[in-house]
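A.B. asks: Next come a sequence and a model predicted from it.
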Amino acid sequence: MQYTPKPYTSKTQMKMSARVSNMGFIVEDDASFPPYFIDIFLIEFHLGIECDGHWSHKLRKSKDPQRDRFLMETYSLPIIRFPKMKDCTLEHVMDFINKWDDSVEERKQKNLDARSKIV
């Protein structure tokens, strides 16, 4: 699958998205979860990946816990953060997926319910 970045996507995010895609996962880049965007959304597992190495993420670091809490409470979307490319390994991604795999269908339904209230 060819990766086509959006104009505001960081190089770290592009590389990490390509790495996760090459691991065999279907991803959506810059996925919208109003009022936020998620760097990498693992569609099948309803999980988010944030690439915190980019300078803009470093500026927002103090707001990350509040943002992650909102995404979990509103969209049932767990977030994993990778501060560096080298941290994004298949083992770490699989551990994250396995941690949340038993609740994926329930979380997807809560996401649909939340999105229906927004529209």
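C.D. replies: Arrived safely. Note that this is a predicted model, so its numbers are computed, not measured.

A.B. asks: Gly48 should be in a strand, yeah?
C.D. replies: Yes. Gly48: assigned to a strand according to DSSP: H, G, I helix; E, B strand; the rest coil.

A.B. asks: Do you know the pLDDT at it?
C.D. replies: pLDDT for Gly48: 96.

A.B. asks: ok, and for stretch 70-82, which residues are buried?
C.D. replies: Using 16 or more other CB atoms under 10 Å as the test for burial, stretch 70-82 gives Leu71, Thr74, Tyr75, Ser76, Leu77, Pro78, Ile79, Ile80, Arg81, Phe82. Yep, even glycine has a C-beta here, placed from its N, CA and C like the rest.

A.B. asks: What is the nearest of these to Lys99?
C.D. replies: Pro78 (7.8 Å; CB to CB).

A.B. asks: Arg107 looks like it's in a helix, true?
C.D. replies: Yes. Under three-state DSSP, Arg107 sits within a helix.

A.B. asks: Neighbours of it, how many?
C.D. replies: Residues contacting Arg107 under the criterion other CB atoms under 10 Å number 18.

A.B. asks: Just send the buried residues of stretch 70-82 back as TSV, with pLDDT too.
C.D. replies: Output for these, formatted as TSV (pLDDT from 0 to 100):
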residue	pLDDT
Leu71	96
Thr74	94
Tyr75	95
Ser76	95
Leu77	96
Pro78	96
Ile79	96
Ile80	93
Arg81	91
Phe82	86
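
A.B. asks: Tell me what the residue nearest the centre of the chain is bridged to.
C.D. replies: Taking CA atoms, centre = their mean as the criterion, Gly48 is the residue nearest the geometric centre of the chain, at 2.0 Å. Assessed by DSSP bridges, Gly48 has beta-bridge partners Phe41, Ile79.
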